[in-house]
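Asker: Starting from these lines, generate the structure:
(2 chains)
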Amino acid sequence: MESTQIQKYPIYLVGNPNVGKSTLFNALTGMRQHTGNWPGKTVTVAVGEAQWEGKRFEITDLPGTYSLSGFSPDEQVAAQAISECSDGCVVVVCDGTCLERTLILALQVIECCRRVVVCVNLMDEAVHRGFSIDSKALSETLGVPVVLTAAGREEGLIELLGAACSVMEQPPMENRHFPNPIAAAEEITAKCVSRTHPEEPWRLVLDKILVSRRYGVPILLAILFLVVFLTVTGANYPSQAMAWLFDWGYELLNALLETSPPWLRGLLLNGIYQTCTTVLSVMLPPMLIFFPLFTFLEDVGYLPRMAFLLDRPMCRCGGCGKQALTLCMGLGCNAVGVMGCRIIDSPRERLTAILTNAFVPCNGRFPTLILLGSIFFPGAGSALVVAACILAGVLVAMGTSGVLTKTVLRNQDSTFLMELPPLRRPRLGKILLRSVLDRVLSIALRTLKVAAPVGALLWILGDLGVLQSISDLLHPLGLILGMNGVILLAFFFALPANELLMPVIVMVLSGAGSLGDTACAADLLLQNGWSWQMAVCTMVFTLFHWPCATTLMTIRSETGSNAKTAAAAALPTAVGCILCAMLHWFFGKFCG
Amino acid sequence: MEITLDQLRPGMDASVVRIDTKEVLRRRLKDFGFVPGTLVRCCYRSPRADVSAISFRGSVLALRRRDLARITGRL
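Answerer: Residues are numbered from 1 along each chain as shown, chains lettered A, B, ... in the order given. Reported below is the predicted structural model:
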């Protein structure tokens, strides 16, 4: 490397899933990281930077893998990177609570790389559970440096960078061979790991209760209900606070733009600003409550148990238990749910899960459902309305999965294998919370990119006074579906984010120049002749129509196929149209 | 005595003798260190016994009944 540039030491992190690799990566790099696609593959790889004693390290977080001969895109990327990294150091991350299994990968890596450091992570938990690991003996047996870390507590990070640095500054070591890595891992573990005290009984007892015949499913439903309840009720307050703050910002900007021409002010403020802030104030608070709760469940190890319990019903619909998890993530945000489908290894089930994820209502659709529910079914209460809608969404998602796997996707292969990590005490650290925050913010940014131009378009069309004519044009189609032109128009403009649906309806009905305040929606809807039948059809179409733009973009990047993305948009739309038309016919026949 | 692993009840141990599952699953299991000779134990099963939690080498895997029925073990 040129002397003018500071030398960067490349480090590649590799390891099994669930060994705290990403936590280690975040702890090492802090905020100095970015994610990007691996060249030619739809696999995201995070790259970050760390410094130690004036040296700079470029750290690549490779996807989790169980072996170097795997066939999933993730595993191929990891294997390819390791085979090409002659310049850098590979850090194999092992799990201190489960060293034997994670050593199998480490031995494979030591065989094919000449600069390796073995990092035994999760040591805080391992010590707590009574594992004692002799790192010196381990290092001597493996022939590479071994560092014990607890990334969640930021312990052992400096030692790890030091070891990586010394490995890269020394000549590469001799290649070693382990003809039978499984047997070797067993032997090495027997030699280097001892137990100071046996497994505490509470884990096993709790585990048995959580998956038991009698309590398993009720506990699961109670937890899900609690998560949704906390999200729905908890989001109200920050939502109102943000709306108030954005109103204040509106006044401020209005004063600043006072001298500018009215059309510019209208376009920027009533168009773009109003649309973006409406989306943000409705979208961010529930996501910021839902995802930390979900991460908490993931962290204590409950999620795999949930998949374990739900595998049977999902299996009957051609899915697998992991699809249940992605559906639950979809409750928070369908885009995240679609990304979560990566945990499903079998291609058929993964595609089914991606295509049907938008059937469960994300929390961007909750406000619409709650608002319509409270206006037209005042006795029901918002929790019940949301629960009924989620149930409907899940049932239709499962039904559609079943139909898909028995028809178009029939011949694709499927296997199910899932790791059940031990139940853990939660260790929600700032690192973990920050990664949640990062994810939510990146989704919000992606949404704003679409919301801004659509907001501008909405304002222009409103200003030209053509919104009404467009809705008249859509009116006949709306009637067939038991709705009306205004509602269909609003669904089109809610493409960037479902949060926009009710504000657009209020805007068109009230004839205002910008998005409406939904607080006064009740009177407005009743004045414009909404019936409860129409509200039901609107709610059904809210559940089942094209996914929002962010979700569609995510599906495009996850599947890498325009056809599959189109299918993901067409499928729920078709279901929604059929259901709405049937409901309309049914209401006409039996409810006057 | 040889049995297929779907018959392994919670708390029972066995040593894997033969894995006759699909090639994909066999390779996956090998990545986890699940090969003939491995000592396994059934930790618990799902409510209808459709999925079993099988522990070996310090980790626990969930496997479906129809896959376990193709794996032979010795008690």
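
Asker: for the residue sitting furthest away from the middle of chain B, helix, strand, or coil?
Answerer: Going by C-alpha atoms, centre = their mean, the residue of chain B most distant from its centre is B:P47, 17.6 Å out. Per DSSP: H, G, I helix; E, B strand; the rest coil, the secondary structure class of B:P47 is coil.

Asker: residues in contact with it?
Answerer: A:211-213, A:216-217, A:309, A:312 (C-beta atoms under 8 Å, 6 or more residues apart in numbering or on different chains). Every residue, glycine included, has its C-beta placed from N, CA and C.

Asker: again, 10 Å this time
Answerer: Neighbour list for B:P47: A:211-217, A:308-309, A:312 [criterion: C-beta atoms under 10 Å, 6 or more residues apart in numbering or on different chains].

Asker: Against chain B, how distant is A:V536?
Answerer: 35 Å (C-beta to the nearest C-beta, to the nearest Å).

Asker: thought that residue was touching A:F377?
Answerer: Yes - if you go by C-beta atoms under 10 Å, A:V536 and A:F377 touch, sitting 9.0 Å apart.

Asker: and the stretch 401-550 of chain A, which residues reach chain B?
Answerer: A:413-422 (C-beta under 10 Å from any C-beta of the partner chain).

Asker: Mind listing what's buried along stretch A:224-236?
Answerer: A:224, A:227-228, A:231-232, A:234-235 (16 or more other C-beta atoms under 10 Å in any protein chain shown).

Asker: ignore the last one, stretch A:473-486
Answerer: Buried, per 16+ other C-beta under 10 Å, within stretch A:473-486: A:474-475, A:478, A:481-486.

Asker: What of stretch A:14-29?
Answerer: A:14-16, A:18-29.

Asker: excluding its backbone neighbours, what's nearest A:G143?
Answerer: Nearest non-adjacent residue to A:G143, counting by C-beta to C-beta, 6 or more residues apart in numbering or on different chains: A:R176, 5.5 Å away.

Asker: list the contacts for A:F376?
Answerer: A:385, A:522, A:525-526, A:530-536, A:538-539.

Asker: how about those, which pair is most distant?
Answerer: Using C-beta to C-beta, the two most remote members of the contacts of A:F376 are A:V385 and A:L526, lying 18.1 Å apart.

Asker: More neighbours: which of the two?
Answerer: Between A:V385 and A:L526, counted using other C-beta atoms under 10 Å in any protein chain shown, the more crowded position is A:V385 (21 against 12).

Asker: Go ahead and confirm A:I578 touches A:F544.
Answerer: Yes - between A:I578 and A:F544 a contact is recorded at 8.9 Å, counting by C-beta under 10 Å.

Asker: and these two? which has more neighbours close in?
Answerer: Legend: neighbour count by other C-beta under 10 Å for A:I578 and A:F544, higher for A:F544 (24 against 12).

Asker: ok, now how distant is the closest residue to that one other than its chain neighbours from chain B?
Answerer: In space, and not counting its chain neighbours, A:F544 is closest to A:G576: 3.4 Å by C-beta to C-beta, 6+ apart. According to C-beta to the nearest C-beta, A:G576 and chain B sit 32 Å apart.

Asker: Quick check: phi and psi on the residue farthest from the centre of chain B?
Answerer: Backbone torsions for B:P47, taken as degrees, to the nearest 10, come to phi -50, psi -40.

Asker: need the helices for the stretch 51-200 of chain A, in chain order.
Answerer: A:73-83, A:99-112, A:123-128, A:135-142, A:157-169, A:181-192 (DSSP state H, counting those that start in this stretch).

Asker: where does A:T233 land in three-state SS?
Answerer: What three-state DSSP gives for A:T233 is helix.

Asker: do the same with B:A14
Answerer: Under three-state DSSP, B:A14 comes out as strand.

Asker: Per-residue pLDDT of it, please?
Answerer: Listed pLDDT for B:A14 reads 93.

Asker: How many residues are close by it?
Answerer: B:A14: 24 neighbours (other C-beta under 10 Å).

Asker: Kindly report the same for A:F586.
Answerer: 12.

Asker: Please list all residues in contact with it.
Answerer: Applying C-beta under 10 Å, 6+ apart, the residues contacting A:F586 are A:482, A:533.

Asker: Over to it: give its phi and psi.
Answerer: The phi/psi pair for A:F586 (degrees, to the nearest 10) is phi -60, psi -50.

Asker: what about it, distance to chain B?
Answerer: A:F586 is 36 Å from chain B, by C-beta to the nearest C-beta.

Asker: A:L220 now?
Answerer: Applying C-beta to the nearest C-beta to A:L220 and chain B gives a distance of 11 Å.

Asker: which SSE is that residue in?
Answerer: Element membership for A:L220 (DSSP states H and E) is helix A:216-256.

Asker: Please state the offset of the following helix or strand past that helix from the chain centre?
Answerer: Counting by DSSP H and E, the next helix or strand C-terminal to helix A:216-256 is helix A:262-265. In this view, helix A:262-265 has its centroid 38 Å away from the chain centroid, taken as C-alpha atoms, centre = their mean, to the nearest Å.

Asker: So what touches helix A:262-265?
Answerer: A:253-254, A:256-259, A:271, A:459-460, A:463.

Asker: returning to that earlier point: so which of the buried residues of stretch A:14-29 are in strands?
Answerer: A:14-15 (DSSP state E).

Asker: Which helix or strand contains A:V385?
Answerer: helix A:382-406.

Asker: What angle do helix A:216-256 and that helix make with each other?
Answerer: 110 degrees (axes from the mean of the first three to the mean of the last three C-alpha atoms, to 10 degrees).

Asker: Go ahead and measure how far the helix or strand of chain B with the lowest mean pLDDT is from the middle of the chain.
Answerer: In chain B, no helix or strand scores lower on mean pLDDT, DSSP states H and E than helix B:23-31, which sits at a mean of 86. From the chain centre to the centre of helix B:23-31 is a distance of 12 Å (C-alpha atoms, centre = their mean).
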